[in-house]
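Visitor: okay, structure incoming, though there's no sequence with it:
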(Lines give C-alpha, C1' and ligand atoms only; values in the text may rest on other atoms or scores of the structure.)
Protein backbone atom coordinates (compact mmCIF):
# COMPACT_ATOMS: atom_id res chain seq x y z
CA UNK A 1 0.00 0.00 0.00
CA UNK A 2 1.23 3.45 -0.78
CA UNK A 3 2.13 6.04 1.78
CA UNK A 4 -0.60 8.42 0.55
CA UNK A 5 -3.26 5.75 1.11
CA UNK A 6 -1.90 4.99 4.56
CA UNK A 7 -1.96 8.69 5.40
CA UNK A 8 -5.54 9.03 4.29
CA UNK A 9 -6.62 6.01 6.30
CA UNK A 10 -4.90 7.36 9.42
CA UNK A 11 -6.58 10.75 8.93
CA UNK A 12 -9.99 9.09 8.52
CA UNK A 13 -9.52 7.14 11.75
CA UNK A 14 -8.37 10.00 13.96
CA UNK A 15 -10.27 13.25 13.70
CA UNK A 16 -7.89 15.14 15.98
CA UNK A 17 -4.99 14.10 13.83
CA UNK A 18 -6.94 15.10 10.70
CA UNK A 19 -7.57 18.59 12.10
CA UNK A 20 -3.91 19.00 13.08
CA UNK A 21 -2.77 17.96 9.58
CA UNK A 22 -5.16 20.40 7.86
CA UNK A 23 -4.09 23.23 10.19
CA UNK A 24 -0.43 22.73 9.35
CA UNK A 25 -1.09 22.61 5.63
CA UNK A 26 -3.22 25.77 5.83
CA UNK A 27 -0.50 27.53 7.81
CA UNK A 28 2.16 26.57 5.25
CA UNK A 29 -0.12 27.63 2.37
CA UNK A 30 -0.64 31.01 4.02
CA UNK A 31 3.12 31.54 4.38
CA UNK A 32 3.87 30.84 0.72
CA UNK A 33 3.09 33.94 -1.37
CA UNK A 34 2.74 32.13 -4.69
CA UNK A 35 0.32 29.59 -3.28
CA UNK A 36 -1.65 32.30 -1.48
CA UNK A 37 -1.99 34.24 -4.73
CA UNK A 38 -3.03 31.10 -6.58
CA UNK A 39 -5.74 30.32 -3.94
CA UNK A 40 -7.01 33.89 -3.90
CA UNK A 41 -7.24 34.04 -7.70
CA UNK A 42 -9.20 30.80 -7.79
CA UNK A 43 -11.54 32.02 -5.01
CA UNK A 44 -11.97 35.53 -6.39
CA UNK A 45 -13.95 34.24 -9.36
CA UNK A 46 -16.71 33.16 -6.94
CA UNK A 47 -16.56 36.23 -4.68
CA UNK A 48 -18.74 39.26 -5.40
CA UNK A 49 -17.00 42.60 -5.25
CA UNK A 50 -18.36 45.79 -3.81
CA UNK A 51 -18.90 47.03 -7.37
CA UNK A 52 -20.82 43.86 -8.21
CA UNK A 53 -23.05 44.38 -5.19
CA UNK A 54 -23.54 48.08 -6.00
CA UNK A 55 -24.38 47.20 -9.61
CA UNK A 56 -26.84 44.59 -8.41
CA UNK A 57 -28.32 47.14 -5.99
CA UNK A 58 -28.71 49.65 -8.84
CA UNK A 59 -30.33 46.99 -11.05
CA UNK A 60 -32.72 46.02 -8.25
CA UNK A 61 -33.45 49.71 -7.62
CA UNK A 62 -34.25 50.20 -11.31
CA UNK A 63 -36.45 47.10 -11.30
CA UNK A 64 -38.28 48.36 -8.23
CA UNK A 65 -38.71 51.81 -9.79
CA UNK A 66 -40.01 50.26 -13.04
CA UNK A 67 -42.41 48.08 -11.06
CA UNK A 68 -43.51 51.12 -9.06
CA UNK A 69 -44.07 53.13 -12.26
CA UNK A 70 -45.97 50.25 -13.89
CA UNK A 71 -48.10 49.84 -10.76
CA UNK A 72 -48.84 53.59 -10.67
CA UNK A 73 -49.75 53.56 -14.35
CA UNK A 74 -51.99 50.53 -13.88
CA UNK A 75 -53.67 52.12 -10.86
CA UNK A 76 -54.17 55.36 -12.80
CA UNK A 77 -55.59 53.39 -15.73
CA UNK A 78 -57.99 51.55 -13.41
CA UNK A 79 -58.92 54.86 -11.76
CA UNK A 80 -59.72 56.38 -15.17
CA UNK A 81 -61.68 53.30 -16.23
CA UNK A 82 -63.64 53.47 -12.97
CA UNK A 83 -64.30 57.20 -13.41
CA UNK A 84 -65.46 56.62 -16.98
CA UNK A 85 -67.70 53.74 -15.90
CA UNK A 86 -69.19 55.86 -13.12
CA UNK A 87 -69.76 58.79 -15.48
CA UNK A 88 -71.33 56.48 -18.05
CA UNK A 89 -73.58 55.03 -15.35
CA UNK A 90 -74.53 58.55 -14.23
CA UNK A 91 -75.38 59.55 -17.79
CA UNK A 92 -77.44 56.39 -18.33
CA UNK A 93 -79.22 56.94 -15.02
CA UNK A 94 -79.95 60.58 -15.85
CA UNK A 95 -81.27 59.59 -19.28
CA UNK A 96 -83.44 56.88 -17.75
CA UNK A 97 -84.75 59.27 -15.10
CA UNK A 98 -85.52 61.86 -17.79
CA UNK A 99 -87.26 59.21 -19.87
CA UNK A 100 -89.33 58.12 -16.86
CA UNK A 101 -90.09 61.76 -16.05
CA UNK A 102 -91.36 62.38 -19.59
CA UNK A 103 -93.32 59.14 -19.59
CA UNK A 104 -94.87 60.08 -16.25
CA UNK A 105 -95.78 63.55 -17.56
CA UNK A 106 -97.43 61.96 -20.60
CA UNK A 107 -99.32 59.50 -18.41
CA UNK A 108 -100.46 62.34 -16.13
CA UNK A 109 -101.62 64.36 -19.16
CA UNK A 110 -103.53 61.36 -20.51
CA UNK A 111 -105.05 60.69 -17.11
CA UNK A 112 -105.94 64.37 -16.77
CA UNK A 113 -107.63 64.31 -20.17
CA UNK A 114 -109.52 61.12 -19.28
CA UNK A 115 -110.60 62.61 -15.95
CA UNK A 116 -111.79 65.81 -17.64
CA UNK A 117 -113.79 63.78 -20.19
CA UNK A 118 -115.27 61.65 -17.40
CA UNK A 119 -116.20 64.66 -15.27
CA UNK A 120 -117.61 66.48 -18.33
CA UNK A 121 -119.72 63.43 -19.24
CA UNK A 122 -121.01 63.25 -15.66
CA UNK A 123 -121.84 66.96 -15.69
CA UNK A 124 -123.55 66.56 -19.07
CA UNK A 125 -125.58 63.68 -17.68
CA UNK A 126 -126.36 65.72 -14.57
CA UNK A 127 -127.33 68.75 -16.69
CA UNK A 128 -129.62 66.56 -18.79
CA UNK A 129 -131.31 65.19 -15.67
CA UNK A 130 -131.64 68.69 -14.25
CA UNK A 131 -133.19 69.89 -17.51
CA UNK A 132 -135.58 66.93 -17.47
CA UNK A 133 -136.46 67.70 -13.85
CA UNK A 134 -136.96 71.40 -14.63
CA UNK A 135 -139.20 70.45 -17.56
CA UNK A 136 -141.25 68.18 -15.34
CA UNK A 137 -141.48 70.90 -12.68
CA UNK A 138 -142.58 73.38 -15.37
CA UNK A 139 -145.21 70.88 -16.56
CA UNK A 140 -146.43 70.32 -13.01
CA UNK A 141 -146.49 74.08 -12.44
CA UNK A 142 -148.45 74.56 -15.67
CA UNK A 143 -150.87 71.86 -14.68
CA UNK A 144 -151.22 73.36 -11.18
CA UNK A 145 -151.98 76.77 -12.64
CA UNK A 146 -154.48 75.27 -14.95
CA UNK A 147 -156.16 73.41 -12.10
CA UNK A 148 -155.89 76.43 -9.84
CA UNK A 149 -157.44 78.78 -12.36
CA UNK A 150 -160.06 76.15 -13.19
CA UNK A 151 -160.84 75.70 -9.54
CA UNK A 152 -160.81 79.46 -8.94
CA UNK A 153 -163.03 79.96 -12.00
CA UNK A 154 -165.45 77.38 -10.60
CA UNK A 155 -165.54 79.15 -7.23
CA UNK A 156 -166.00 82.54 -8.84
CA UNK A 157 -168.76 81.14 -11.06
CA UNK A 158 -170.43 79.60 -8.02
CA UNK A 159 -170.19 82.89 -6.11
CA UNK A 160 -171.49 84.84 -9.03
CA UNK A 161 -174.35 82.44 -9.33
CA UNK A 162 -175.13 82.74 -5.65
CA UNK A 163 -174.92 86.51 -5.75
CA UNK A 164 -177.03 86.73 -8.85
CA UNK A 165 -179.65 84.44 -7.48
CA UNK A 166 -180.01 86.41 -4.28
CA UNK A 167 -180.18 89.82 -5.87
CA UNK A 168 -182.36 89.05 -8.70
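Guide: Received, thanks. As the structure is a prediction and not an experimental result, all values here were calculated from the model.

Visitor: quick one: average confidence on the one helix or strand residue 80 maps to?
Guide: Element membership of residue 80, judged by DSSP states H and E, is helix 50-167. Helix 50-167 comes out with an average pLDDT of 92.

Visitor: neighbours around residue 21, how many?
Guide: Residues lying near residue 21 (other CB atoms under 10 Å) number 14. Quick note: C-beta positions are derived from backbone N, CA and C, even for glycine.

Visitor: which non-adjacent residue is nearest it?
Guide: If you skip the residues right next to it in sequence, residue 21 has residue 11 as its closest partner in space, 6.0 Å away by CB to CB, 6 or more residues apart in numbering.

Visitor: and the gap between the one you found and residue 60?
Guide: 45 Å (CB to CB, to the nearest Å).

Visitor: okay, those two: which has more neighbours?
Guide: When residue 11 and residue 60 are compared for neighbours, residue 11 comes out ahead with 15 against 10, by other CB under 10 Å.

Visitor: which residues touch the more buried one?
Guide: Taking CB atoms under 8 Å, 6 or more residues apart in numbering, we find residue 11 in contact with 17-18, 21.

Visitor: of those, closest to residue 83?
Guide: Nearest to residue 83 out of those is residue 18 (CB to CB; 74.1 Å).

Visitor: per-residue confidence at that closest one?
Guide: 86.

Visitor: the one 10 residues further on too?
Guide: At residue 28, the model reports a pLDDT of 81.

Visitor: what is the neighbour count of residue 102?
Guide: Neighbour tally, residue 102, other CB under 10 Å: 10.

Visitor: residue 155 now?
Guide: Residues lying near residue 155 (other CB under 10 Å) number 10.

Visitor: same deal with residue 116?
Guide: 10.

Visitor: any idea how far residue 34 is from it?
Guide: As judged by CB to CB, residue 116 and residue 34 stand 121 Å apart.

Visitor: equivalent analysis for residue 4, please.
Guide: Distance from residue 4 to residue 34, by CB to CB: 23 Å.

Visitor: what strand or helix carries the residue nearest to residue 21?
Guide: When elements are assigned from DSSP H and E, residue 11 belongs to helix 3-13.

Visitor: swap in residue 47?
Guide: Applying DSSP H and E as the criterion places residue 47 outside every helix and strand.

Visitor: run through who's touching whichever strand or helix holds residue 27.
Guide: Assessed by DSSP H and E, residue 27 sits inside helix 15-31. For helix 15-31, contacts defined as CB under 8 Å, 6+ apart pick out 10-12, 35-36, 39.

Visitor: quick check: angle from the helix or strand following that helix to helix 15-31?
Guide: Once helix 15-31 ends, the next helix or strand along the chain (criterion: DSSP H and E) is helix 33-44. Angle, helix 33-44 to helix 15-31, by axes from the mean of the first three to the mean of the last three CA atoms, to 10 degrees: 100 degrees.
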